[in-house]
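**Student:** Have a look at this prediction, sequence included:
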Amino acid sequence: MADAIISAILQQLVTIAAEQARQRVRLLTDVEEDVEMLGQKLEAIRVFIQDAEERKQSKRGISDWLDYLKEKAYDMEDILEKWNIELLKMRTARVGKFSNIKAKVCSCIPCSTPDQVCLRYKTASRIKKINRGLDFIADERNRLGLVARPEREQPIQIETTSKDVDMSVLIGRDRVKEDIISSLLCESSEESQRNELKTISVVGMGGLGKTALAQLVYNDDRVAQHFENRIWVYVSNPFDERKIAKAIILNFVEGLPNDLSYGLDSLPMEYLRQRTCECIQGKKFFLVLDNVWDHSEHKWGRLRQAFKHGAPGSRILLTTRNEVVAHMMENSHVFCLEGLTDEDCWQILRHFAFPGRKEAPPYLVHTGRQISTRCQGLPLAAKIIGCLLRFKSSTEEWEVVLKNKIWEDASVRELVLNSLLLSYWDLPLPVRRCFLYCASFPKDLVILVDHLIRHWMAQGFLGYSEGKEKGYEYFDSLAARSFFQDFAINSDGTIYTCKMPDLVHDLALHLTGNDTCHISSSFIGFTTRYATVDHPQWPLFSGRVGFIRKLRSLITFSEGCLITVEDLRVIFNNAEVLRVLDLNWSDSCAHSYESIPQEIKNLIHLRLLNLSSSCRLRTLPESLCELFNLQSLDLKGCKCLEKLPDRMGNLISLRFLRTAGCCRLTCYPKGVGRLTNLKDVYEISARADRNDPKEFSLGDLENMDNLRTVWMKLKGNAINTREATRAKFENKTRLRDFRVYLDGNLDEDEVIQAFNLPSSINVHFCNADFEYK
């Protein structure tokens with residue numbers, strides 16, 4: 001990851017230099033040379049990182065060198081960003097009504113507060129210290145004999161494979177698929193008399209396509225018609241009986257309110273078992289238990305008893321890497337998946353290397369077949385290498401892949417990971433960092449692509465001047481290489497959700513090492529940068545406050561995960577370099593706080609704050625408006641929230657604001673009109689009948705020309721044409737999704753006439769839920 005961090009730092013140096021020029025502010029005079037030297041040293045080191053990454057397992061010392069470099073790179077990024085934040089703060093103070101700062105600046109140190117002068121001296125001292133550390137890194141590089149490697153800066157422009165049929169599950173598996181379906185549909189009179197529950201187990205190592213095969217069976221029309229209910233549960237490790245019981249209950253009880261869904265996490269397990277029995281009583285069901293690891297008899301015994309309440313002919317299909325798990329289940333028919341033939345692997349590789357073509361170029365066939373033999377019968381390996389070779393058209397490039405020493409590893413699981421590594425190293429540096437960030441997510445997570453890209457932006461992975469377009473470009477680059485799967489497609493052909501294959505997730509975790517921590521099986525460590533809470537009621541910090549000081553991301557996923565005001569205060573006072581605080585990624589957490597502590601102002605690096613569905617939250621502190629770096633604020637579903645802070649206009653970096661479902665929030669503060677970087681705003685309230693001195697009014701859109709998405713409640717019984725003119729809709733050329741709800745006795749035709757919209761903008765009048773009429 002060090003290479004991607006250094007790339008980001010170099011870009012950050014350019015951004016800071018530009019901002020300093022605009023503000024006419026400098027660091028101390030002698031430190032300007034140190035900053036320039038810092039950039040030069042980083043450029044010199046960066047070209048050796050690729051070689052170090054590929055050799056770190058084979059030579060002692062290289063891994064330690066990379067870890068030391070990565071730590072120094074993180075420190076550099078934090079120091080430079082803190083200085084950049086100070087520049088943003090000065091810019092905000094100049095244009096804000098609370099400032100007395102004048103434009104006159106001396107050539108070295110501007111008219112500043114004592115704290116600002118102190119910050120400059122500290123920044124200067126830290127940069128000098130980092131320069132000395134880079135000298136040591138350069139000396140060690142020479143001692144280790146690292147070799148400079150060229151890099152590719154930009155992703156290759158390709159069409160994503162998301163819409164392709166996954167041929168890797170169709171080739172070589174037809175027979176076993178039909179055999180499994182026959183076992184599912186076949187019912188004997190003896191089985192009915194004994195009321196036996198038949199289990200079918202698919203066993204095989206990682207990368208053989210067990211889950212993909214199970215999906216083909218699950219979605220087969222014959223199976224769908226045969227069973228009253230079908231349930232899919234991703235089990236994984238550790239085994240969670242509550243998760244399985246809840247999935248079954250939710251499948252049988254349609255239209256279950258979200259509040260009741262959350263409540264299932266707090267109910268006794270005995271009640272859930274009883275409810276499970278009631279749900280499946282007398283019904284013919286088909287249950288898939290995917291990726292089962294645990295074979296403890298006492299954990300499965302009670303569930304098996306509940307399953308027997310189903311009607312005769314019910315079936316369970318489980319996938320596992322461990323044959324012991326398969327034989328633990330009663331009446332189990334085991335299908336052991338074997339590796340594919342070399343010919344099948346070649347067909348898969350060819351399909352992904354040359355999409356849309358029936359044959360491969362003749363001059364590549366021989367080398368391609370040789371590469372296929374290296375896949376050792378693993379369809380996932382063939383698919384990954386095929387996606388990699390799509391970007392290589394010469395025999396020489398294919399020969400490089402064939403002769404890569406990475407194939408010499410004896411472990412089959414390592415073979416798949418190494419196949420992925422080849423694709424990982426083929427990624428441009430910025431895209432690598434985006435991929436590695438996904439190690440923060442739990443396995444089998446349904447990833448919202450738009451949300452993922454906002455996370456990337458918040459971490460600075462897309463650069464400091466790029467937007468979502470760059471994020472979608474990076475996502476498509478990863479999708480084309482099979483780093484994502486299970487795509488859900490919008491009507492316009494874009495991807496809105498996806499998943500990451502288990503082995504791809506394993507690779508990301510392997511490469512991030514101690515940087516990433518899932519607080520379900522381990523605690524935060526001293527070097528943890530990205531932490532995830534993905535287990536209900538797991539102790540968040542357990543007295544290890546010092547371990548969160550380097551956190552850059554904290555995300556909660558688990559249903560039943562409760563964070564209190566005291567937890568927030570601990571975070572705000574200690575996680576000083578936090579970029580992302582996402583307290584409700586999956587809209588399934590029910591936190592208990594009613595207010596946000598004032599100490600949130602300490603998180604000066606924070607760029608993304610997600611408080612959505614904080615259903616008890618009533619107020620936000622004014623100190624929130626001191627987060628000059630904040631880009632994304634999500635308050636969706638905070639149904640008790642009554643007011644936004646008055647100084648919202650200070651959040652000059654804000655690009656995304658969502659208050660959908662905040663039913664008690666009746667007005668926006670006037671300062672929102674100063675947020676000229678805002679691009680997407682959901683359910684903003686604006687007065688249509690006057691220019692209110694305190695409340696956001698229609699004309700306050702005047703300078704917000706970067707808007708792409710606006711969902712707006714227009715309040716009042718008349719449209720003020722002067723306000724509509726002041727809004728300057730003719731300058732909103734980027735606006736693509738413009739929805740309006742008329743909250744009053746306003747006439748649609750009068751509104752359209754007053755708006756005087758250019759032909760490029762269409763307004764859609766909606767109901768109170770912002771659904772088209």
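**Tutor:** Perfect, I can see it now. Just so we're clear, the structure is a prediction, and the values are computed from it rather than from any experiment. Numbering: from 1, shown residues only.
**Student:** Correct me if wrong, but L581 is in a strand.
**Tutor:** Yes: secondary structure of L581 (DSSP: H, G, I helix; E, B strand; the rest coil): part of a strand.
**Student:** and it, how many neighbours?
**Tutor:** Each residue near L581 was counted by other C-beta atoms under 10 Å, and the total is 23. The way it works is simple: take the backbone N, C-alpha and C, and place the C-beta from them, glycine included.
**Student:** the bottom helix or strand of the chain by mean pLDDT?
**Tutor:** helix 258-263 (a mean of 48; mean pLDDT, DSSP states H and E).
**Student:** what element comes up after it heading to the C-terminus?
**Tutor:** On the C-terminal side of helix 258-263, the nearest following helix or strand under DSSP states H and E is helix 269-280.
**Student:** How much space separates Y74 from Q274?
**Tutor:** Here the distance between Y74 and Q274 works out to 51 Å (C-beta to C-beta, to the nearest Å).
**Student:** Name the residue in the two with the higher neighbour count.
**Tutor:** Regarding Y74 and Q274, a neighbour count based on other C-beta under 10 Å identifies Y74 as having more, with 20 against 13.
**Student:** which residues touch E566?
**Tutor:** Contact criterion C-beta atoms under 8 Å, 6 or more residues apart in numbering gives no residues in contact with E566.
**Student:** mean confidence for whatever helix or strand it lives in?
**Tutor:** With the criterion set as DSSP H and E, the secondary-structure element containing E566 is helix 565-574. For helix 565-574, mean pLDDT is 88.
**Student:** Identify each buried residue in that helix, please.
**Tutor:** By 16 or more other C-beta atoms under 10 Å, the buried positions in helix 565-574 come out as D567, L568, R569, V570, I571, F572, N574.
**Student:** Is it possible to get these out as a markdown table so that each row also shows distance to L644?
**Tutor:** Listed next are these as a markdown table, based on distance: C-beta to C-beta, whole Å:
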| residue | distance to L644 |
| --- | --- |
| D567 | 23 |
| L568 | 18 |
| R569 | 22 |
| V570 | 25 |
| I571 | 22 |
| F572 | 19 |
| N574 | 27 |
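**Student:** For the stretch 451-600 of the chain, give me the ranges with low pLDDT.
**Tutor:** When residues are selected by pLDDT under 70, those of the stretch 451-600 of the chain lie in 464-466, 520-524, 535-546, 558-561, 586-591.
**Student:** Report how many residues lie close to F227.
**Tutor:** 20.
**Student:** swap that for T528, please
**Tutor:** Counted by other C-beta under 10 Å, the residues lying close to T528 total 24.
**Student:** So which residues of the stretch 251-400 of the chain form helices?
**Tutor:** For the stretch 251-400 of the chain, the helices identified by DSSP state H, counting those that start in this stretch occupy 258-263, 269-280, 297-307, 323-328, 342-353, 362-374, 379-389, 395-402, in order along the chain.
**Student:** Please name whichever of the ones you listed is nearest to K715.
**Tutor:** Minimum separation from K715 across the helices of the stretch 251-400 of the chain (C-beta to C-beta) falls at helix 258-263, 28.4 Å.
**Student:** Relative to the whole chain's centre, how far out is stretch 492-505?
**Tutor:** Taking C-alpha atoms, centre = their mean, to the nearest Å, the mean C-alpha location of stretch 492-505 is offset from the chain mean by 10 Å.
**Student:** ok, residues contacting it?
**Tutor:** Counting contacts by C-beta under 8 Å, 6+ apart, the residues touching stretch 492-505 from outside are 160, 162-163, 206-207, 211, 291, 380, 413, 416-417, 420, 438-439, 441, 443-450, 472, 475, 479, 482-490, 508.
**Student:** Filter those residues down to the buried ones, ChimeraX style.
**Tutor:** Command for ChimeraX, covering only those of those found buried under the criterion 16+ other C-beta under 10 Å:
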select :160,162,206,207,211,291,380,416,417,420,438,439,441,443,444,445,447,448,449,450,472,475,479,482,483,484,485,486,487,508
